[in-house]
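>>> Quick one, what's the 3D model for this:
(chains A and B)
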Number of protein chains: 2
Amino acid sequence: MILLGIDPGLRVTGFGVIEKEGARLRYLASGCVKPGADGSLPERIATLFSGLSQVIATYKPDAAAIEKVFVNVNPQATLLLGQARGAAIAALTAASLPVAEYTALQIKQAVVGQGKAAKEQVQHMVARLLNLSAAPTADAADALACAICHAHGGLGSLGEMTRESWGGAGFRVRGGRMQS
Amino acid sequence: MILLGIDPGLRVTGFGVIEKEGARLRYLASGCVKPGADGSLPERIATLFSGLSQVIATYKPDAAAIEKVFVNVNPQATLLLGQARGAAIAALTAASLPVAEYTALQIKQAVVGQGKAAKEQVQHMVARLLNLSAAPTADAADALACAICHAHGGLGSLGEMTRESWGGAGFRVRGGRMQS
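Alright, predicted model coming up:
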């Protein structure tokens, strides 16, 4: 099963593609679509939509997961982020992908074991969980983390294999149940 | 030239299709896509996107115009509206339509002659400008008004023919220039 994770943004939208085979996760691809800061909003939306559509056409995922976004202190920024996320979801559903949504807290909980983890921790754990030789960029890492979260069935249903490796990241494993 | 106007919303997105031939405007169609209040956000976005894609496939517009939306007092509502608008723009650009944006103020100015016109006034003037026997619903009227605004080249460049009929709606015509 191939999963596509999305970290939406109007300036940069990160994407990550992983393959799930039983409890094993395999890295396939990651990167960013950059609508940039120039151009009209419709032009930026068009770039975002066609970029993600290309990613989908290339990697043919079976399902997608996208990060839930939060209301910003700046209402105008909230409006722009909302429009980027709407266009990203449109690209996913236009390709008939089922779309799951996870909060940043759920995603961090799933890959790092605590909801308030720093960006660097997420990058580090994503590299570890996917056996990458180097940490991905922050946007790609967040997108991969979102895909990993979905692969684990969302919050709290992590596979045995990965659970093991998390001993050092703030987890205790007791009687087969995880506690943070 | 066929123009598609959009009044975006997550619960209801209005659309209006008009034909422009010189200074003459002709009504072609109008209506709503209703993603509704039930279902997940991705489901609602999917309904909105495919509904608008169907409208585009049916009426084959040459260009589109969409209302600019404003930051709401409720930040969560701003986020939802933003996502609906992003998906709507994605549907327009995915069909390779050039997309213009107008504020509610510009649209009202274009069809009623003043930016603070009531919804009923917009409905009334849209019906008059397009020779409709009855006023369209508010959502459809706003979308048609957006298309009319675009047909007039945005704010302040109204065609001679329509200018004439606006004498009673708060306008004075003086020396060929319009004043509100």
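>>> pLDDT at the residue nearest to A:Ile89 when sequence neighbours are not counted, what is it?
Closest residue in space to A:Ile89, ignoring its immediate chain neighbours: B:Ile45 at 4.5 Å, by Cβ to Cβ, 6 or more residues apart in numbering or on different chains. C-beta here means a position set from N, CA and C on the backbone, and glycine is covered the same way. What the model reports as pLDDT for B:Ile45 is 98.
>>> what angle separates the strand or helix carrying B:Ile45 from helix A:41-59?
Using DSSP states H and E, B:Ile45 sits in helix B:41-59. With axes from the mean of the first three to the mean of the last three Cα atoms, to 10 degrees defining the directions, helix B:41-59 sits at 110 degrees from helix A:41-59.
>>> Now chain A against chain B: closest residue?
A:Gly82 (2.2 Å; Cβ to the nearest Cβ).
>>> Near the closest residue to that residue other than its chain neighbours, how many other residues are there?
In space, and not counting its chain neighbours, A:Gly82 is closest to B:Gly82: 2.2 Å by Cβ to Cβ, 6+ apart. Around B:Gly82 there are 27 other residues, counting by other Cβ atoms under 10 Å in any protein chain shown.
>>> A:Ala104 now?
A:Ala104: 19 neighbours (other Cβ under 10 Å).
>>> Pull the contacting residues for it.
A:67-68, A:70, A:115 (Cβ atoms under 8 Å, 6 or more residues apart in numbering or on different chains).
>>> Include distance to chain B, neighbour count and secondary structure when you put those into TSV, please.
Formatted as TSV, the contacts of A:Ala104 follow (distance: Cβ to the nearest Cβ, whole Å; neighbours: other Cβ atoms under 10 Å in any protein chain shown; DSSP: H, G, I helix; E, B strand; the rest coil):
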residue	distance to chain B	neighbour count	secondary structure
A:Glu67	13	24	strand
A:Lys68	9	16	coil
A:Phe70	8	13	coil
A:Gly115	20	15	coil
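>>> Now render the residues you listed as TSV, adding pLDDT.
Formatted as TSV, the contacts of A:Ala104 follow (pLDDT from 0 to 100):
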residue	pLDDT
A:Glu67	96
A:Lys68	95
A:Phe70	84
A:Gly115	86
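>>> of the residues you listed, closest to A:Thr58?
A:Glu67 (21.1 Å; Cβ to Cβ).
>>> Quick check, that closest one in contact with A:Tyr102.
Yes - counting by Cβ atoms under 8 Å, A:Tyr102 is a contact partner of A:Glu67 at 6.3 Å.
>>> what sits in contact with each of those two?
Going by Cβ under 8 Å, 6+ apart, residues that sit against A:Glu67 and also against A:Tyr102 are A:Cys146.
>>> how about A:Ala100, secondary structure?
strand (DSSP: H, G, I helix; E, B strand; the rest coil).
>>> Please name the bridge partners of it.
A:Ala65 (DSSP bridges).
>>> before we move on, back to that, so the residue of chain A closest to chain B sits in a helix?
Yes - according to three-state DSSP, A:Gly82 belongs to a helix.
>>> show me the contacts for it.
A:69, B:78-83, B:85-86.
>>> Pull up the gap between it and B:Ala84, please.
From A:Gly82 over to B:Ala84 the distance is 8 Å, taken as Cβ to Cβ, to the nearest Å.
>>> now A:Ala88
13 Å.
>>> So which of these two has more stuff around it?
Set A:Ala88 next to B:Ala84 and count neighbours by other Cβ under 10 Å: A:Ala88 wins out with 32 against 27.
>>> Next, the contact list for that one, please.
A:Ala88 neighbours (Cβ under 8 Å, 6+ apart): A:6, A:8, A:13, A:48-49, A:52, A:66, B:86.
>>> change it to 6 Å
A:6, A:8, A:13, A:52 (Cβ atoms under 6 Å, 6 or more residues apart in numbering or on different chains).
>>> again, but for A:Gln123
Taking Cβ under 6 Å, 6+ apart, one finds A:135, A:141 in contact with A:Gln123.
>>> The same query, at a cut-off of 8 Å, please.
Contacts of A:Gln123 (Cβ under 8 Å, 6+ apart): A:135-138, A:141.
>>> For those residues, name the two members farthest from one another.
A:Ala135 and A:Ala138 (9.0 Å).
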